[in-house]
Structures are given as structure tokens and as C-alpha cells.
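1. just a sequence and a predicted model for now, questions to come.
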Amino acid sequence: MLPRANKMFCSVKCKNYYHRHLRFVSQKAAIRINEYLKRNHGILLEIIGKNKSQIKVYRNVLSDKKFRFKYHTHTQVNSKHKTFHYIYDLAWMEFSDDEILIIRKR
């Protein structure tokens, strides 16, 4: 019997190996992203403190602490068309080219 023309794997063993490897790589990437999110949240929490609800800092303060601006959980655009980048319960917004506004949402 001839194999199908659109067959993707040479055997069941190859197919299982491919899917196991794909699942492993996906889990590893998810763990890495979650670590970045937790680190970013910790940096924002350290800067804003326990009692403040918002604070304005210079961008280089976050950069010096190795804050990764690319990683956040979700975004929200307010009525003034400013984008808030959320990391769990904390948000940050580019206030100007050099300043970042950090806000705690309760």
C-alpha cells in the first residue's frame, strides 16, 4: 500500500516526537514570559511603594532596573487616547518622551 501524498510524518514515532518537542518549547517560552511579567511587576511595585497610588518617574529609572517595556498583560486606551500598559494590578503610561506615569489600580 502506498502512503498518502499529503503525509507529514514518516512514522508515528516521528509524529509523537514532533508534538512532544513542540509542547516542550511552548511551555519553556510561556515560563520565560511569565518570569518577565513577574520581574516587571516587582520593579513597578518597588518604585510605587505600598502607600502611593501613582508616581511619575523618568524612563531611565525603569531602564536601569532592566524593566522590559515590551512585556505586559493587557492595554487600555483612555478618553484622552493615552495607552495604559497593565501588568496585573499596576499600570504604566508614557507621560512624555522621558517620563513614565505608574498607577496602582485598586
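-> Arrived safely, thanks for sending. Numbers count the residues shown, from 1 in each chain.
2. CA only for contacts and neighbour counts going forward, please
-> Noted.
3. regarding residue 102, what is its secondary structure?
-> strand (DSSP: H, G, I helix; E, B strand; the rest coil).
4. the closest residue to it other than its chain neighbours and residue 23, how far apart?
-> Ranked by Cα to Cα, 6 or more residues apart in numbering and with sequence neighbours excluded, the top spatial neighbour of residue 102 is residue 92, at 4.4 Å. Residue 92 is 33 Å from residue 23, where distance means Cα to Cα, to the nearest Å.
5. between those two, which is the more surrounded one?
-> Neighbour count, other Cα atoms under 10 Å: between residue 92 and residue 23, residue 92 has more, with 22 against 11.
6. any idea of the pLDDT on that one?
-> Note for residue 92: predicted pLDDT of 92.
7. what are the bridge partners for it, then?
-> Applying DSSP bridges to residue 92 yields these beta-bridge partners: residue 85, residue 102.
8. is it true that it touches residue 105?
-> No: using Cα atoms under 8 Å, residue 92 is not in contact with residue 105; the gap is 10.5 Å.
9. longest helix of the protein?
-> helix 12-48 (DSSP state H).
10. what sits closest to the residue nearest the centre of the chain if chain neighbours are left out?
-> The centroid of the chain falls nearest to residue 71 when counting by Cα atoms, centre = their mean (2.9 Å). Leaving aside its sequence neighbours, residue 71 sits nearest to residue 37 (Cα to Cα, 6+ apart; 6.3 Å).
11. what do you get for residue 76?
-> Nearest residue to residue 76, sequence neighbours excluded (Cα to Cα, 6+ apart): residue 84, at 5.1 Å.
12. hang on, isn't the one you found packed against residue 95?
-> No: counting by Cα under 8 Å, residue 84 does not reach residue 95; the two are 10.0 Å apart.
13. of these two, who's got more company?
-> A direct count of neighbours by other Cα under 10 Å for residue 84 and residue 95 places residue 84 higher, at 20 against 16.
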